[in-house]
Structure formats: structure tokens, C-alpha cells
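Participant: fold the following for me, if possible:
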Amino acid sequence: MHAVTLIKGDGIGPSIMDEAVKVINASGVKIAWEDAYAGMAAYEKVWYAIT
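Facilitator: Residues are numbered from 1 along each chain as shown. All right, here's what the predicted structure looks like:
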């Protein structure tokens with residue numbers, strides 16, 4: 001199992017990363033995804049731009 005941190009960012013990032021995750025998962029590689037936040041999504045959650 002591989003641990004991968006997923007940072008979606010702002011703008012088009014979330015849409016692109018959602019599709020990228022689908023492709024990677026379809027490959028059969030076992031991944032434990034860890035979400036991290038950057039940009040406005042992070043600021044809205046913790047008042048910092050990157051967490």
C-alpha cells in the first residue's frame with residue numbers, strides 16, 4: 001500500500017484531481033489517499049493558505 005497526499009488546490013484543481021484519482025484507482029495500485037488543503041479551501045478551514 002502506498003500513502004499519497006492529495007492537494008487539490010483552487011480553480012480547476014479539484015475537478016482535475018478527482019478525475020486523476022479515478023484513473024489511478026482504476027490501475028489497481030493500492031493507495032491510501034490523504035487529503036491536504038491549499039489555497040482558499042485551506043484558508044476557509046484553518047485561516048492559513050496551506051495546511
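Participant: tell me where the chain has strands.
Facilitator: Ranges of strands in the chain, per DSSP state E, are 2-7, 31-36.
Participant: mind listing what's buried in the first one?
Facilitator: Just to be clear, that refers to strand 2-7. Using 16 or more other Cβ atoms under 10 Å as the test for burial, strand 2-7 gives residue 7. The way it works is simple: take the backbone N, C-alpha and C, and place the C-beta from them, glycine included.
Participant: circling back: need the strands of the chain in a markdown table (columns: distance to residue 15).
Facilitator: Formatted as a markdown table, the strands of the chain follow (distance: least, Cβ to Cβ, whole Å):
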| stretch | distance to residue 15 |
| --- | --- |
| strand 2-7 | 13 |
| strand 31-36 | 15 |
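Participant: which stretch among those comes nearest residue 48?
Facilitator: Counting by Cβ to Cβ, residue 48 lies closest to strand 31-36 out of the strands of the chain; the figure is 11.7 Å.
Participant: run the chain-centre distance for that closest one.
Facilitator: Per Cα atoms, centre = their mean, to the nearest Å, the displacement of strand 31-36 from the mean C-alpha position of its chain is 7 Å.
Participant: just checking: what are the partner strands of it?
Facilitator: Sheet partners assigned to strand 31-36 using DSSP bridges are listed as strand 2-7 (parallel).
Participant: so what touches the strand it pairs with?
Facilitator: 17, 21, 29, 30, 31, 32, 33, 34, 35, 36, 37, 38 (Cβ atoms under 8 Å, 6 or more residues apart in numbering).
Participant: likewise for stretch 9-23?
Facilitator: 6, 8, 33, 38, 39, 40, 41.
Participant: repeat that with 6 Å
Facilitator: 8, 38, 39, 40 (Cβ atoms under 6 Å, 6 or more residues apart in numbering).
Participant: dump those residues to TSV, plus distance to residue 1 and pLDDT.
Facilitator: TSV is the format used below for these (distance: Cβ to Cβ, whole Å; pLDDT from 0 to 100):
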residue	distance to residue 1	pLDDT
8	21	87
38	24	83
39	28	83
40	31	84
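Participant: okay then, goodbye and thanks.
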